[in-house]
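**Student:** Please work out how this folds:
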Amino acid sequence: MLMQESDDVDFDIREFTPYMLNVAAEATSEGFSRHYREKYGMTRTEWRVLFHLGRYGNMSAKELGQQSKLHKTKISRAVAGLEEKGFLTREQRQEDRRSETLILLDAGSEAYNELISYAEDFEAQLARSLGVRDARALKRALAKLVLSGRR
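**Tutor:** Now for the predicted structure:
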């Protein structure tokens, strides 16, 4: 196997911004995801679906996909999982029988409220770990990256 020579032999993937963002995201989300996984048996996608329904109200899977930027097959699996856990139900839409409205049940709303409270505490701990100034700077930088990706 031939190795390609590079003019920049000092390149270190560990300092490559996309790589660092991915590693940082995994490291910071692990504690939070462990909580909803252990307490509710939820996957990451189930948490995101639960969040969007709790925050924005009843919607179809298609609307949820547009809102959350999740792929429809992932949404379908997450909805089935949340339905099995007793967190949501589906109602066929009168105006379009091919579409269903996803509705949080009381257990889903309770899980949502508990997880939002835990998320706020988790976020505060991250801010304390970074320091308020660095936490704000990080949020500003991340917001810029999100916006630049939409162009």
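
**Student:** contacting residues for Leu130?
**Tutor:** Leu138 (Cβ atoms under 8 Å, 6 or more residues apart in numbering). Yep, even glycine has a C-beta here, placed from its N, CA and C like the rest.

**Student:** Let me know the pLDDT of it.
**Tutor:** If you check Leu130, the pLDDT there is 94.

**Student:** Against Glu110, how distant is it?
**Tutor:** 31 Å (Cβ to Cβ, to the nearest Å).

**Student:** cool, and Leu104?
**Tutor:** Distance of Leu104 to Glu110, given as Cβ to Cβ: 9 Å.

**Student:** In which helix or strand does the spatially most central residue of the chain reside?
**Tutor:** In the chain, the centroid-proximal residue (Cα atoms, centre = their mean) is Arg48; its distance is 4.7 Å. Arg48 belongs to helix 44-56 when assigned by DSSP states H and E.

**Student:** Give the next helix or strand downstream of that helix.
**Tutor:** Next along the chain after helix 44-56, taking DSSP H and E as the criterion, comes helix 61-68.
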